[in-house]
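*Asks:* pasting the sequence and the predicted coordinates here, then a few questions.
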Number of protein chains: 2
Amino acid sequence: MTTLTVDLGARSYPIHIGSGLLDRSELLRERLSGQSLMIVTNTTVAPLYLERVQAAFEGLRQAAVVLPDGEEYKTLDTVNRIYTALLEQRFDRRTTLLALGGGVIGDMTGFAAATYQRGVAFVQVPTTLLSQVDSSVGGKTGVNHPLGKNMIGAFHQPRSVIIDIDTLNTLPDRELSAGLAEVIKYGLLGDAPFFDWLEEHIDALRARDPAALEYAIARSCQDKAEVVAADETEQGRRALLNLGHTFGHAIETGLGYGKWLHGEAVGCGMVMAADLSRRMGWIGDEDVQRIRNLIERAGLPTTPPPELDPARMRELMSVDKKVVEGQLRLVLLREIGHAVVTGEFPRNLLDETLEHAA
Amino acid sequence: MTTLTVDLGARSYPIHIGSGLLDRSELLRERLSGQSLMIVTNTTVAPLYLERVQAAFEGLRQAAVVLPDGEEYKTLDTVNRIYTALLEQRFDRRTTLLALGGGVIGDMTGFAAATYQRGVAFVQVPTTLLSQVDSSVGGKTGVNHPLGKNMIGAFHQPRSVIIDIDTLNTLPDRELSAGLAEVIKYGLLGDAPFFDWLEEHIDALRARDPAALEYAIARSCQDKAEVVAADETEQGRRALLNLGHTFGHAIETGLGYGKWLHGEAVGCGMVMAADLSRRMGWIGDEDVQRIRNLIERAGLPTTPPPELDPARMRELMSVDKKVVEGQLRLVLLREIGHAVVTGEFPRNLLDETLEHAA
């Protein structure tokens, strides 16, 4: 087992990564607040893992709410079901919420925890690669609005994150690939040696080699934890984590949530960000080729869906949260392993990227 | 004009209290974030004051959302209308929200600001006595849930609070009285000289004497600001501000939101808290009589509505946020001007209070 710490002063918390952690009652219980626990999970994960997690909390006052599975349910209405379950059980402000599932469950549970009785504790037990390396670290919580993804939310740090890599054995191939998009992102944005490592181990990761997975997850969490610790509320450096996301969100919103997986959209978005970086003269053809190859070998799309033409993509990108005072800002690459946030790119080059990608 | 400061380190903010402040463009603008502004108000307040406030922000990119008026609209669904307006206007995270109205508008606008794009700035312009002395100070934001009042929310501090006492000239008598409940509360819980002052000036306040109003509002805000600064997230002393509220919330929930005004329920709740304090031997008959008299002279009810019998009241009180680990905690009086939070009261004395009040 590997243990990392996200360093946020009084709100610092541990991330435990390893095999068989769902049965480690002492790990799951170590950061609980109070004596009651609400497990939030979904219809896909509940049959696989809910009983084991409940067993780890035997003796505690506990309940579970099982939500429908899918990004299309990441809404205020679904979060309201969590509030209702908490109120029906009369769970008070010293309750702990436990998110058992992927990023959607983590984001909604975190938002419910941030806002139930103005804030209660929560613990993340992510069961998808994407949520293990991304959404369970950093305290971003929230839901979608019909007019934009993740537009409603709060910053709320978990008390602990417990990553049992055995849960990846039940993850569909497509979702494993989607998670690899975020893993590759850490290499691209600030960790060139990790990018090199990924080029060597991408096949082992897709084959679910446990040692490779534990290493890749720990390194991704470490990379992300460092960025988050330096900039908790995304005033500066944390924005680099959005590499590929402005393009990706446009794809997800344009298609309707749930058609493409988030990681698929981000994978394609990173290729587009690389393409724009090349057009600006920042990186070379061969860099773009390396990036495209790795994303393709991870099993991810590298071109946007044909139904989203460049004009529609441009429109969708203009409502992104990264728009500041009407100015679109993108994360682009100075080189592999070095990303920057910039609003200074010629509009016609973005247009070229959108047109050539289509 | 009186200016106070709520001392919260980097999040400190000013409260300005005086006449004619709605026309003081420089005051309204002094703490804006960015270059866009969304005014949130309701159908009652908009015809009276919206144009004047808009005029003060001339030249800025601004829009307004006008919500239905009433506690029954203090819901997630109504907050969602604010999100939709913001997204339709493409207002980004550097937008400022301005709450123009009473406590319901302030609570919902604050919650929308706390959660829109994970947090944007907001300014409070309270137009009722209740919101001026209570909900605009301290950063509590939120909405009701069908199973409980204020169960969904966040702590989010305003950038500034601008209290124009002239707006009280359009306030119905019943709402003025409701606001006086919270004013009396500050005297009762920690400021005995202010309680004495109120006994002398309650008629002037009901007659809307401007000097009396400015003094009472400033002193109430000062008393509250001191409590909030000492305990921002309600771990301890801040809970004293809930004097009368556990009884009051039970009344509001039991009747259905909107039947009694919040301040009416709190006024009655304070009499009940005083009665229980007397049964515990903490205060005397004559103290209860002084409290009851002042609340009655303020134009407030002193007994709960007949349709809520003691058994129903007890049930409603058990889901209050002040319940910690199954233990009901109440704010009771050691003397006039000295309140304490306690879970240590004999159940039968609470029953007696509920039975005798009915």
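*Replies:* Cool, got the structure.
*Asks:* mind checking how far residue A:283 is from chain B?
*Replies:* 29 Å (CB to the nearest CB, to the nearest Å). Just so you know, the C-beta spots here come from the backbone N, C-alpha and C atoms, and that holds for glycine as well.
*Asks:* what distance do you get for the nearest residue to that residue once chain neighbours are set aside to residue A:330?
*Replies:* The shortest distance from residue A:283 to any non-neighbouring residue, by CB to CB, 6 or more residues apart in numbering or on different chains, is to residue A:277 (4.9 Å). Here residue A:277 is placed at a distance of 9 Å from residue A:330 (CB to CB, to the nearest Å).
*Asks:* could you list the low-pLDDT ranges of chain A?
*Replies:* Applying pLDDT under 70 to chain A picks out residues A:232-235, A:257-258, A:319-326, A:358.
*Asks:* okay, now the residue nearest to residue A:283: neighbour count?
*Replies:* 28 (other CB atoms under 10 Å in any protein chain shown).
*Asks:* can you pull out the strands in chain A?
*Replies:* A:2-6, A:13-18, A:36-42, A:61-67, A:96-101, A:121-126, A:140-145, A:148-155, A:160-164, A:330-335, A:338-342 (DSSP state E).
*Asks:* got TSV for the ones you listed, with mean neighbour count and distance to chain B too?
*Replies:* Formatted as TSV, the strands of chain A follow (neighbours: other CB atoms under 10 Å in any protein chain shown; distance: least, CB to the nearest CB, whole Å):
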stretch	mean neighbour count	distance to chain B
strand A:2-6	17	18
strand A:13-18	20	18
strand A:36-42	24	8
strand A:61-67	19	9
strand A:96-101	28	13
strand A:121-126	27	13
strand A:140-145	23	6
strand A:148-155	21	5
strand A:160-164	26	19
strand A:330-335	21	15
strand A:338-342	17	14
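*Asks:* looking at the ones you listed, spot the one closest to residue B:96.
*Replies:* Shortest distance between residue B:96 and the strands of chain A, using CB to CB, is found for strand A:148-155: 17.0 Å.
*Asks:* neighbouring contacts of the closest one?
*Replies:* A:76, A:107, A:110-111, A:114-115, A:139-145, A:232-233, A:249, A:252-253, A:257, A:319-321, B:83, B:87, B:114-119, B:154 (CB atoms under 8 Å, 6 or more residues apart in numbering or on different chains).
*Asks:* and with 7 Å instead?
*Replies:* A:76, A:111, A:114-115, A:139-145, A:232-233, A:249, A:252-253, A:319, B:83, B:87, B:114-119, B:154 (CB atoms under 7 Å, 6 or more residues apart in numbering or on different chains).
*Asks:* likewise stretch A:172-192?
*Replies:* Contacts of stretch A:172-192 (CB under 7 Å, 6+ apart): A:128-130, A:133-134, A:168, A:194-195, A:198, A:205-206, A:216, A:220, A:223-224, A:240, A:243-244, A:261-264, A:266-267, A:270, A:291, A:294-295, A:298-300, A:333, A:336-339.
*Asks:* same check on stretch A:198-213?
*Replies:* A:19, A:165, A:168-169, A:176, A:180, A:183-184, A:187, A:216, A:294, A:297-299.
*Asks:* switch to 8 Å and redo it
*Replies:* Residues contacting stretch A:198-213 (CB under 8 Å, 6+ apart): A:19, A:129, A:165, A:168-169, A:173, A:176-177, A:180, A:183-184, A:187, A:215-216, A:290, A:294, A:297-299.
*Asks:* now swap in stretch A:239-247 and tell me
*Replies:* Against stretch A:239-247 from outside (CB under 8 Å, 6+ apart): A:138, A:181, A:185, A:188-190, A:224, A:227, A:265-273, A:304, A:313, A:317, A:320, A:322, A:328-331, A:333, A:339-341.
*Asks:* that stretch: how far from the chain's middle?
*Replies:* 11 Å (CA atoms, centre = their mean, to the nearest Å).
*Asks:* got the CA positions of it in CSV?
*Replies:* Extracted C-alpha coordinates of stretch A:239-247, given in CSV (Å, rounded to 0.1, in the frame of the first residue of the first chain):
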residue,chain,number,x,y,z
ALA,A,239,-5.9,25.7,-13.8
LEU,A,240,-3.2,23.6,-15.6
LEU,A,241,-5.2,20.5,-14.6
ASN,A,242,-7.8,21.7,-17.1
LEU,A,243,-5.5,20.6,-20.0
GLY,A,244,-7.8,19.2,-22.7
HIS,A,245,-10.9,20.1,-20.6
THR,A,246,-12.1,23.2,-22.4
PHE,A,247,-12.2,21.3,-25.7
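*Asks:* am I right that the residue nearest to residue A:283 is in contact with residue A:291?
*Replies:* No: contact status for residue A:277 versus residue A:291: not in contact, 9.4 Å apart, counting by CB atoms under 8 Å.
*Asks:* quick one, phi psi at residue A:68?
*Replies:* Here is the backbone geometry of residue A:68 (degrees, to the nearest 10): phi -60, psi 150.
*Asks:* from chain B, how far off is the closest residue to it other than its chain neighbours?
*Replies:* Computed as CB to CB, 6+ apart, the closest residue to residue A:68 that is not its neighbour in sequence is residue A:43, at 6.0 Å. Distance of residue A:43 to chain B, given as CB to the nearest CB: 23 Å.
*Asks:* now do residue A:68
*Replies:* For residue A:68, the distance to chain B - CB to the nearest CB - is 19 Å.
*Asks:* residue A:168 too?
*Replies:* Applying CB to the nearest CB to residue A:168 and chain B gives a distance of 29 Å.
*Asks:* care to break chain A down by domain?
*Replies:* For chain A, the structural domains run A:2-170, A:182-357, going by automatic domain parsing.
*Asks:* of all these, which lies closest to residue B:26?
*Replies:* Of the domains of chain A, nearest to residue B:26 by CB to CB is domain A:182-357, at 22.1 Å.
*Asks:* thinking again about what came up before, whichever of the contacts of stretch A:172-192 end up buried, select them in PyMOL.
*Replies:* Here is the PyMOL command that picks out the buried ones among the contacts of stretch A:172-192, judged by 16 or more other CB atoms under 10 Å in any protein chain shown:
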select buried, chain A and resi 128+129+130+133+134+168+194+195+198+205+206+216+220+223+224+240+243+244+261+262+263+264+266+267+270+291+294+295+298+299+300+333+336+337+339
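*Asks:* looking at the stretch 101-250 of chain A, which residue is nearest chain B?
*Replies:* Scanning the stretch 101-250 of chain A for the residue nearest chain B gives residue A:147, at 3.8 Å (criterion: CB to the nearest CB).
*Asks:* got the phi and psi for that residue?
*Replies:* Dihedral angles for residue A:147 - degrees, to the nearest 10 - are phi -90, psi 0.
*Asks:* residue B:89 is in contact with that one, correct?
*Replies:* No: Residue A:147 is beyond contact range of residue B:89, at 10.4 Å (criterion: CB under 8 Å).
*Asks:* do a quick rundown of the helices in chain A.
*Replies:* Listed in chain order, the helices of chain A (DSSP state H) span A:25-29, A:51-56, A:76-88, A:103-115, A:129-130, A:173-190, A:192-206, A:210-230, A:245-255, A:262-279, A:285-297, A:310-317, A:347-357.
*Asks:* what's the fourth one packed up against?
*Replies:* Under the contact definition 3 or more CB pairs under 8 Å, 6 or more residues apart in numbering or on different chains; DSSP states H and E, helix A:103-115 sits against strand A:36-42, helix A:76-88, strand A:96-101, strand A:121-126, strand A:140-145, strand A:148-155, helix B:103-115, strand B:148-155.
*Asks:* the first one now?
*Replies:* Under the contact criterion of 3+ CB pairs under 8 Å, 6+ apart, the helices and strands touching helix A:25-29 comprise helix A:51-56, strand A:160-164.
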